[in-house]
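# fold the stuff below for me.
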Amino acid sequence: MYDLTSIGDIKLDVFIDLGKDAEVMCDINKKDCVMQIKYGEKIPVDSAVAMMAGSAPNVAIGVRRMGGSTTVVSVLGNDNTAILALEVLKSEGISTDYISISKGTKSSFAAVLNFKGESTILAVHEPHAYTLPENIKTDWTFISELGPKYKELFEDLALIAKGGAKVGINPGAIQLEELDDTLFDLIRSCSLLIVNLDEARMLCKCPTSDPKILARTLQELGPKTVIITDGKNGSYGTDDGRVFHAPAFPDGERVEATGAGDAFSTGVLSALIANEDLATAMMWGSVNASSVIKYVGPQEGLLTQQQINNLLKARPEYQVTTI
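This is a model prediction of the structure:
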């Protein structure tokens, strides 16, 4: 019996630190920003680091470090990314029984451009077909970023969710772009929906940016618990009509933001697995995210449950409020 089964693409991520060789231009409200680099030139960068990543392995590794038993369902190409992924996951004590290699294909890939602590991600999700393993015994199933062949899997996940299985979802870019009926059917029956503020507006087709309204509107779509993340403004969550706000945890320098969302999901899921309430789950997520952004990449800063509790004890003023 696993505490968590994490489903999604495993990628090779190359983290590129642009140093000072870019500039950011925003509108007057500083909401819509674009990053500019010189066109048609060879640009020296401060560093480039490659590592195995992807929301599915990031969350599985994070929950494992917090004491949970985890496995990953994923499809990889027949390449070096697959070799690296299997090696890293096994070293973290994570089951790889449900990872398959698709011969004649490539693994997914992303280039992560880091500039002033924020990340712009250029991702290629290979069109691997996913199926839900039969007879897998798990407390939670969590679905994250996937390529274009996701609809049959979503149908299967919606069926088990309607049957009482605990399914969480953090939709990927392709799913949010297509807004297919299978996505909404899964959301309607899931136990946990985690999205950022812009994604929340896309899902409910709401003009407002008020997280309280967005959280309640998303819950009307059917999920038991809704959490909306909003970067430096923290997160907002509801599971019973009340809307909680967890500020961003104040803990150090922001080096690189990739993986913050996965680290947040990790903290939330680990707390729910431990039967903690929503406010505590959001606190665990915020602390975990604050640690990951101090490092390049999504895994180095992932914390243990004891480390999270120690940090919360050291900051008794940090509290979740009802808004």
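
# every contact and neighbour count from this point should use C-alpha atoms.
Fine.

# what is the burial count for the residue nearest to Ala50 when sequence neighbours are not counted?
Once flanking residues are discounted, Ala50 sits nearest to Val14: 4.2 Å by Cα to Cα, 6 or more residues apart in numbering. By other Cα atoms under 10 Å, 20 other residues sit near Val14.

# you'd agree Val14 is up against Ser47?
No - counting by Cα atoms under 8 Å, Val14 does not reach Ser47; the two are 10.0 Å apart.

# and the residue nearest to Ala50, which of the three is it?
Under DSSP: H, G, I helix; E, B strand; the rest coil, Val14 falls in the strand class.

# wait, Leu132 sits on Phe154?
No - applying Cα under 8 Å, one finds Leu132 not in contact with Phe154, separated by 9.1 Å.

# who has more neighbours out of the two?
Phe154 (21 against 16).

# tell me which element that one falls in.
helix 151-162 (DSSP states H and E).

# swap in Ala129?
Ala129 belongs to no helix or strand, assigned by DSSP H and E.

# report the separation between it and Ser209.
Distance, Ala129 to Ser209, by Cα to Cα, to the nearest Å: 35 Å.

# relative to Ala48, how far out is the residue positioned nearest the centre of the chain?
Relative to the mean C-alpha position of the chain, the nearest C-alpha, by Cα atoms, centre = their mean, is the one of Asp262, at 3.2 Å. Between Asp262 and Ala48 the distance is 21 Å, computed by Cα to Cα.

# again, but for Arg65
26 Å.

# got any ranges where the protein has weak pLDDT?
Along the chain, the parts satisfying pLDDT under 70 run over 21, 25, 27-31.

# at which residues are the helices of it located?
Applying DSSP state H to the chain gives helices spanning 55-65, 80-91, 151-162, 173-178, 181-189, 197-204, 211-219, 260-273, 278-292, 305-314.

# wait, which of those helices is closest to Gly241?
helix 211-219 (7.0 Å; Cα to Cα).

# tell me which other helices or strands that closest one touches.
helix 197-204, strand 225-229, strand 235-238, strand 243-246 (3 or more Cα pairs under 8 Å, 6 or more residues apart in numbering; DSSP states H and E).

# no further queries at this time; thank you.
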